[in-house]
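S.K.: Okay, here's the prediction I keep looking at, along with the sequence it came from:
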Amino acid sequence: MSNVGKSPWIIHYDGSSCNGCDIEVLAALTPLYDAERFGVVNTGNPKHADIFVVTGGINDQNAPVVKQIYDQMLEPKVVVACGACACGGGVYQTCYNIMGGVDTVIPVDAYVPGCAVKPESILDAVIAGVGILDEKAKAMKKNPADKDRSEKDASTGAHASVADVDDGTNADAE
Amino acid sequence: MSKRTVVPFGPQHPVLPEPVHLDLVLEDETVVNAIPRIGYVHRGLEKLVEKRDYTQFVYVTERICGICSFGHSLGYSECVEKLMGIEITDRAAYLRVIFHELSRMHSHLLWLGLLADGFGFEALFMHAWRLRETVLDIFEEVTGGRVIFSACDVGGFRQEVSNETLAGIVAKLERLRDEYRTIAKTLLEDSSVKSRMVGVGHISTDKALELSMVGPFARASNVATDERLNGIGAYGDLAAFEPVLSDGGDCYARCDVRVREVLQSIDIISELVDKIPDGEVMVPVKGSPEDGAQAMTTLEQPRGQAFYYSKGNGTKNLARMRVRTPTSQNIAGMVAALSNVELADVPMVILTIDPCISCTER
Ligand code: SF4
């Protein structure tokens, strides 16, 4: 637990899950498992969230939604794929309307096994996610040009320089 | 007439555990129309019968929905047993109903928590979910799983549950009953909670019949529809069964019906545990469904009537498996309940129908 230097806020989105994992994600937040003792708060706003918890696989309808939520989150961010479905399609792997796990549309940092996942393992993953979050934050400080915005818009020089300016101000403030 | 605006709602929204999209047409702050759009959770499970044989498909039906999971495996098993002429033992039938009622309790407690969250009563949400853990503990103790536990199978019940364990379950539920009464009291008598729910999203009995609403949503509009009245399985052995009704038709009535159904489930479980006969829980299942054989059955899920249809083709795989779930019946009712409510009440009205999108879209 010594690595938790920050209260991670999570945002949860249900891809095409069966609800089994969703209710376990919620159960992890309620009194028995009480994720809030680690400062974990469930938020509905992608811009406030550090960790993106996705349950369920990806289909054509929800792929843009997942992608959009991910894009709206600020760096550094961590994606946790919860459950067999989110990891690779699970029982629905061979269904005609399932493209696969969450990593078919966005990069995933932690995979949580189980069908349905156990709240204990969700807690584990979220706490591991905080470690990854710290590493990413450190890497960003070391290499400011490595921000997602500049990565994405590498071709358009104007945006990249805006990112540089942003980082400059941050550095000054510190 | 004031100007109309369209507010998109969902698929990702804080009160929705599941993705559904609504276009809310507003006049000032009042909703005049709601246009639902679904399809975010569609997986294509019915088609999967072509790839999984009828014994493997139990696991797929369980994953139609993680909340009504046991109910779906129960409905599917009953349907396939009918198709193949399998007679299950009485003990298995009793155990199935006991676990189905436990699932209803877990589903309703979950819902009461979400409702409390919907009108901003965080502490009540936490308490409802804390009580729900009692039921999940029972599942975990008996079957090893918390929400999806593969206890029901074609041919009976996969776990032998001893009479002592059953008595222990009843004792746990009796303890739960007292604690539950306190949160039920807050939900039903607290004046601020009442002021959010009374008179909101009203549906009359005639309208409910016209829209073919099912489950607690219909029962709150005083429509006496409950599949348990048909006495399929061990429900037939109950001394008496009366559906829980209310004539309010509003959000408060829907909450009231579900609150009382939890207590009703505890009564059903205690009665069945008293009466349960001894014996085996599984009968051997051999062969395949005959070509062209058809069977159907209905079941009262926590959210209302679910319908199961299956057709054999002489092989291990079924030719067709069809499930019609309660929420797909209730979407028309939801849209009707949403018209003329304030924008701020929309999340709560949606919650009070207890939508289960992953059932609906499969
Ligand atoms: S991993 Fe299992 S429990 Fe979780 S969403 Fe998928 S099917 Fe449901």
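M.R.: Yep, that arrived.
S.K.: Count the residues that sit near residue A:68.
M.R.: 12 (other CB atoms under 10 Å in any protein chain shown). No exception for glycine: its C-beta is placed from N, CA and C like everyone else's.
S.K.: Check whether the strand or helix carrying it comes near chain B.
M.R.: According to DSSP states H and E, residue A:68 maps onto helix A:63-72. Yes: Helix A:63-72 lies within reach of chain B by CB under 8 Å from any CB of the partner chain, at A:65, A:69.
S.K.: Measure how far the helix or strand following that helix is from the centre of its chain, please.
M.R.: Per DSSP H and E, the first helix or strand lying C-terminal to helix A:63-72 is strand A:78-82. In terms of CA atoms, centre = their mean, to the nearest Å, the centre of strand A:78-82 is found 5 Å from the chain centre.
S.K.: Direction included, what does strand A:78-82 pair against?
M.R.: Strand pairing for strand A:78-82, using DSSP bridges, gives strand A:51-55 (parallel), strand A:110-112 (parallel).
S.K.: Tell me what angle the helix holding residue A:68 forms with strand A:78-82.
M.R.: Interaxial angle of helix A:63-72 relative to strand A:78-82 (axes from the mean of the first three to the mean of the last three CA atoms, to 10 degrees): 140 degrees.
S.K.: Show me which residues of chain B sit near the ligand.
M.R.: Neighbours of the ligand within chain B, by CB under 6 Å from any ligand atom: B:63, B:66, B:148.
S.K.: Hmm, residue B:68 and the last one touching each other?
M.R.: Spelled out, that is residue B:148. No: using CB atoms under 8 Å as the test, residue B:148 is too far from residue B:68 to be in contact (10.8 Å).
S.K.: Show me which of the two is the more surrounded one.
M.R.: Per other CB under 10 Å, whichever of residue B:148 and residue B:68 has more neighbours is residue B:68, with 30 against 26.
S.K.: And the more buried one, how far from residue A:74?
M.R.: 37 Å (CB to CB, to the nearest Å).
S.K.: try residue B:36
M.R.: From residue B:36 to residue A:74 the distance is 32 Å (CB to CB).
S.K.: show me where chain B has helices.
M.R.: Taking DSSP state H to define them, one finds helices in chain B at B:57-62, B:69-84, B:90-118, B:122-143, B:163-189, B:191-197, B:205-210, B:215-219, B:251-275, B:326-338, B:346-352, B:357-361.
S.K.: Would you mind finding the most buried of those?
M.R.: Looking across those with neighbours counted as mean count of other CB atoms under 10 Å in any protein chain shown, the highest average goes to helix B:215-219: a mean of 29.
S.K.: need the contact list for residue A:81.
M.R.: A:54, A:87, A:101, A:102, A:103, A:108, A:110, A:111, A:112 (CB atoms under 8 Å, 6 or more residues apart in numbering or on different chains).
S.K.: how close does the third one sit to residue B:300?
M.R.: Residue A:101 sits 35 Å away from residue B:300, taking CB to CB as the criterion.
S.K.: how long is stretch B:113-123 end to end?
M.R.: 9 Å (CA to CA, to the nearest Å).
S.K.: swap that for stretch B:41-55, please
M.R.: Chord length of stretch B:41-55, first to last residue, is 24 Å (CA to CA).
S.K.: buried residues in it?
M.R.: B:41, B:42, B:43, B:44, B:45, B:46, B:48, B:49, B:52, B:54 (16 or more other CB atoms under 10 Å in any protein chain shown).
S.K.: Quick check: the fourth one touching residue A:94?
M.R.: No: look at residue B:44 against residue A:94 with CB under 8 Å: they stay out of range, at 9.4 Å.
S.K.: So which of the buried residues of stretch B:41-55 sit within strands?
M.R.: Per DSSP state E, strands hold no members of these.
S.K.: Among those, which ones lie close to chain A?
M.R.: Among those, chain A is touched by B:41, B:42, B:43, B:44, B:45, B:48 when using CB under 8 Å from any CB.
S.K.: Make a markdown table out of those and add pLDDT.
M.R.: As requested, those are exported to a markdown table (pLDDT from 0 to 100):
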| residue | pLDDT |
| --- | --- |
| B:41 | 79 |
| B:42 | 83 |
| B:43 | 81 |
| B:44 | 79 |
| B:45 | 81 |
| B:48 | 81 |
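S.K.: residues in the stretch 51-200 of chain B within reach of chain A, list them.
M.R.: B:51, B:59-60, B:63-67, B:69, B:110, B:113, B:125-127, B:129-130, B:133, B:136, B:145-148.
S.K.: Could you rerun that using 6 Å?
M.R.: B:51, B:63, B:65, B:66, B:67, B:126, B:129, B:130, B:133, B:147, B:148 (CB under 6 Å from any CB of the partner chain).
S.K.: Mind picking the two most distant members of those?
M.R.: B:51 and B:126 (41.7 Å; CB to CB).
S.K.: so where's the chain shaky on pLDDT?
M.R.: No chain in the question, so chain A it is. Scanning chain A for pLDDT under 70 picks out A:1-5, A:144-174.
S.K.: Please refer instead to chain B.
M.R.: B:1, B:14-15.
S.K.: contacting residues around the residue of the stretch 251-362 of chain B found nearest chain A?
M.R.: Residue nearest to chain A within the stretch 251-362 of chain B (CB to the nearest CB): residue B:358, separated by 5.1 Å. By CB atoms under 6 Å, 6 or more residues apart in numbering or on different chains, the contact list for residue B:358 reads A:18, A:19, B:41, B:65.
S.K.: residues in contact with the third one?
M.R.: Read it as residue B:41. Counting by CB under 6 Å, 6+ apart, residue B:41 has contacts A:16, B:357, B:358, B:361.
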